[in-house]
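Student: just coords:
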């Protein structure tokens, strides 16, 4: 085998069976989903139950006021389908309005950063179209944990502690919700959210008495978008409140925005890699980064694809850096509806030009490809931009290239103590992670389910975490911050524009073989989601690893691109690695010019995966041991 052999020891076994498998980033969500399967529900019933439990048990990483994307296939129609739960920018979210407030960027926390919530509507759409259970039965798990409470994990308590001053001084409704009596709850303490439990009970009650299951769920969807929830959101955000930059502004989400936002199904984008079909969400999100990186890597020998070696890690990091540069220059909903965009980005010809840019040394340049005008294929010089600025690559957006040191030196960090626009985790030594010491930011949630009939889904809920914006009284949750991924620059393909979706980092994956789905996977991690999934895909499909072996293997990622999260900084040639990659490999990466940050042995990624062999019906599952929180279950 050309890959480094995995250790004999794994942190957990790869689960195997033929009945059903559930994996997620929290054991209570996994257990709830598996309980649904055990009671006769299908994978979609289980996924919806798990997702609403995640709102309750991982409130620092997602919430009902946030967003999600999913990708699934049914046993009867195995072609992958995208579940689109990413809300658009509201009508009042214009560049002119934000510029008029004196803003150069969308703040990372506060209601100005909120897209229209769409996660709840998306889950209800999935349940209505592909589930089998009644809404009340599916929501019973989340209602129980919200009403009766659950032991909070250490990271929830740590997150509240980090924003204690913000809540106490500026966001009193959040302090009331998360710091009752002015005290931060301790890890393991039983904490509930009765206000959210009541919201869910009201959604169920709305449909009572209607004759069909479809009508009952449809009534809940309408109530969510137009009823009490919509009214209280619209009224609350009108009050100015502190944002991440230190300014006080009102939000712009209105009742009309909420009423008009409906989740929907979309076609995915996919490529073939080594005999497998890899399906992702389209170029309005981050998904094609994985596909572009695979296209580039497919032209190398297998020895270049092993992330556990110096050569493989270097090649993977450089391929990702090139794909992420293209993300900045070309991806986005505002200008990204041209079908020729993906024809070009994912073409073999273009991948070849990008592959040629990978040399023996790491590049510190920002190198998006030059998109040809007026035709689908790349020009002869495509991908050849080699300068330190995107300005040398005409035909694409040139994002600001600012290091954290430059941002801090410019005085822009004056409001940083108020919290950033994404959840951060702590290192093993308890220190807050920042980009200067190896942060992997943008952590959120993930779930995967496969059932005995062959239904399969991977989904990544996010946004609306407790530190996003002030808690809305009576609802028990706040709005998300996904608009921070837009630019206040009309030339950007991800420009802030009413009715367009921000370029989300949420990016689950579905793998098929011969047109039949065999694997659903994903991870939290913001800009790192497709990077960590790339490692998993390479180890599974090329290296021949078992699922748990691949998840346990040492991880790495690049930071050599502008972050999707406020304050949008980058690190030229930056690479973050787990120490288990080994001293020799890490030294080799530094010798090649990578600016390496080490973050400990077990720190990067929260991957999970479920698989199904279509010939035998055998299932498997694995989940991330890092953080001692994610689990898989099944039989």
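Tutor: Everything's here; your move. Predicted model, so just to flag it, every value in this text is computed and none were measured.
Student: Residue 510 and residue 81 touch, don't they?
Tutor: No - judged on CB atoms under 8 Å, residue 510 makes no contact with residue 81 at a distance of 9.0 Å. Bear in mind the C-beta positions are built from the backbone N, C-alpha and C, glycine included.
Student: can you give me the helices in the stretch 351-500 of the chain?
Tutor: 404-409 (DSSP state H, counting those that start in this stretch).
Student: Tell me where it has strands.
Tutor: 447-451, 456-462 (DSSP state E, counting those that start in this stretch).
Student: can you redo those strands as a markdown table with distance to residue 205 and mean pLDDT?
Tutor: Shown next, in a markdown table, are the strands of the stretch 351-500 of the chain (distance: least, CB to CB, whole Å; pLDDT from 0 to 100):
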| stretch | distance to residue 205 | mean pLDDT |
| --- | --- | --- |
| strand 447-451 | 26 | 98 |
| strand 456-462 | 24 | 97 |
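Student: Which one of residue 510 and residue 81 is surrounded by more residues?
Tutor: More crowded of residue 510 and residue 81, by other CB atoms under 10 Å: residue 510, with 29 against 22.
Student: Now for that one: which residues touch it?
Tutor: 71, 72, 73, 80, 268, 278, 279, 456, 458, 517, 519, 520 (CB atoms under 8 Å, 6 or more residues apart in numbering).
Student: got it, and residue 242?
Tutor: 110, 166, 170, 171, 248, 418.
Student: just residue 151 next, same as before
Tutor: 188, 189, 190, 191.
Student: Can you tell me which of those residues are buried?
Tutor: residue 191 (16 or more other CB atoms under 10 Å).
Student: one step back: anything in contact with each of residue 510 and residue 81?
Tutor: What both residue 510 and residue 81 touch, as defined by CB under 8 Å, 6+ apart, is the set 71, 72, 73, 268.
Student: Run through the bridge partners of the nearest residue to the third one once chain neighbours are set aside.
Tutor: The reference is to residue 73. Distances taken as CB to CB, 6 or more residues apart in numbering put residue 517 closest to residue 73, at 4.1 Å, once the chain neighbours are dropped. As for beta bridges, residue 517 partners with residue 512 under DSSP bridges.
Student: Hmm, residue 517 is touching residue 451, no?
Tutor: No - checked against CB under 8 Å, the pair residue 517 and residue 451 is beyond contact range at 11.8 Å.
Student: just the shared contacts of residue 510 and residue 81 now: which is nearest residue 404?
Tutor: residue 71 (33.2 Å; CB to CB).
Student: and that closest one, which of the three is it?
Tutor: strand (DSSP: H, G, I helix; E, B strand; the rest coil).
Student: Remind me which helix or strand the residue nearest to it when sequence neighbours are not counted belongs to.
Tutor: Excluding the flanking residues, the one nearest residue 71 by CB to CB, 6+ apart is residue 510, at 4.6 Å. Residue 510 is part of strand 509-513, with elements assigned from DSSP states H and E.
Student: just the angle between that strand and strand 456-462, please?
Tutor: When axes from the mean of the first three to the mean of the last three CA atoms, to 10 degrees is applied, the directions of strand 509-513 and strand 456-462 differ by 160 degrees.
Student: Quick test: name the residue nearest the centre of the protein.
Tutor: Centroid-nearest residue in the chain, with CA atoms, centre = their mean: residue 506, separated by 2.9 Å.
Student: Check the secondary structure at that one for me.
Tutor: Per three-state DSSP, residue 506 ends up coil.
Student: follow-up on the earlier one: ok, so of the contacts of residue 151, who is nearest residue 35?
Tutor: Using CB to CB, the contacts of residue 151 come closest to residue 35 at residue 190, 20.2 Å.
Student: how near is the closest one to residue 148?
Tutor: Applying CB to CB, to the nearest Å, the value for residue 190 to residue 148 is 8 Å.
Student: For the protein, which residues score under the pLDDT cut-off?
Tutor: 1, 335-337, 373-395, 411-443 (pLDDT under 70).
Student: Run the chain-centre distance for the lengthiest helix in it.
Tutor: Counting by DSSP state H, the longest helix found in the chain is helix 310-330. Offset of helix 310-330 from its chain centre (CA atoms, centre = their mean, to the nearest Å): 19 Å.
Student: Tell me the helices and strands packed up against that helix.
Tutor: helix 288-297, helix 340-345, helix 348-355, helix 529-541, strand 556-558, helix 583-591 (3 or more CB pairs under 8 Å, 6 or more residues apart in numbering; DSSP states H and E).
Student: Just name whatever secondary elements the longest one is in contact with.
Tutor: Think helix 529-541. helix 288-297, helix 310-330, strand 509-513, strand 516-522, helix 547-552, strand 556-558.
Student: Give me the neighbour count for the residue nearest to residue 73.
Tutor: Counted with other CB under 10 Å, residue 517 comes out at 28.
Student: Could you do the one 10 residues further on as well?
Tutor: When neighbours are defined as other CB under 10 Å, residue 527 has 25 of them.
Student: ok, it - contacts?
Tutor: 286, 324, 441, 442, 505, 557, 559, 561, 563, 564, 565.
Student: and if we set it to 6 Å?
Tutor: 505, 563, 564 (CB atoms under 6 Å, 6 or more residues apart in numbering).
Student: Find the nearest non-adjacent residue to it, please.
Tutor: residue 564 (5.4 Å).
Student: Would you mind measuring from the one you found to residue 493?
Tutor: From residue 564 to residue 493 the distance is 13 Å (CB to CB).
Student: To residue 12, which of the helices and strands packed on helix 310-330 lies closest?
Tutor: It's helix 529-541; of the helices and strands packed on helix 310-330, that one is closest to residue 12 (CB to CB) at 15.3 Å.
Student: Residues contacting that closest one, please?
Tutor: 274, 276, 286, 289-290, 293, 305, 307, 320, 505, 507, 509, 523, 525, 545, 550, 553, 555, 557, 605, 607.
Student: same deal with stretch 243-261?
Tutor: 87, 90-93, 101, 107-112, 114, 116, 118, 225-226, 230, 234, 237-238, 240, 242, 414-415, 418, 421, 566.
Student: Tell me which of the residues you listed fall in helices.
Tutor: Going by DSSP H, the helices hold 225, 226, 230, 234 from the contacts of stretch 243-261.
Student: Would you mind measuring from the residue nearest to residue 110 when sequence neighbours are not counted to residue 108?
Tutor: Nearest non-adjacent residue to residue 110, counting by CB to CB, 6+ apart: residue 243, 3.1 Å away. Distance, residue 243 to residue 108, using CB to CB: 8 Å.
Student: which residues of the stretch 51-200 of the chain fall in helices?
Tutor: 95-100, 119-130, 135-148, 154-162, 164-169, 172-178, 194-206.
Student: same for the fifth one, what does it pack against?
Tutor: If I follow you right, that is helix 164-169. The contact analysis (3 or more CB pairs under 6 Å, 6 or more residues apart in numbering; DSSP states H and E) places helix 164-169 against helix 172-178.
Student: Quick one: end-to-end distance for stretch 279-287.
Tutor: 9 Å (CA to CA, to the nearest Å).
Student: er, stretch 522-533 I mean
Tutor: 6 Å.
Student: For it, what is the distance to the chain centroid?
Tutor: The answer for stretch 522-533 is 7 Å, by CA atoms, centre = their mean.
Student: now for stretch 504-512, what's the gap between its first and last residues?
Tutor: 24 Å.
Student: do the same with stretch 30-46
Tutor: First-to-last residue span, stretch 30-46, CA to CA: 9 Å.
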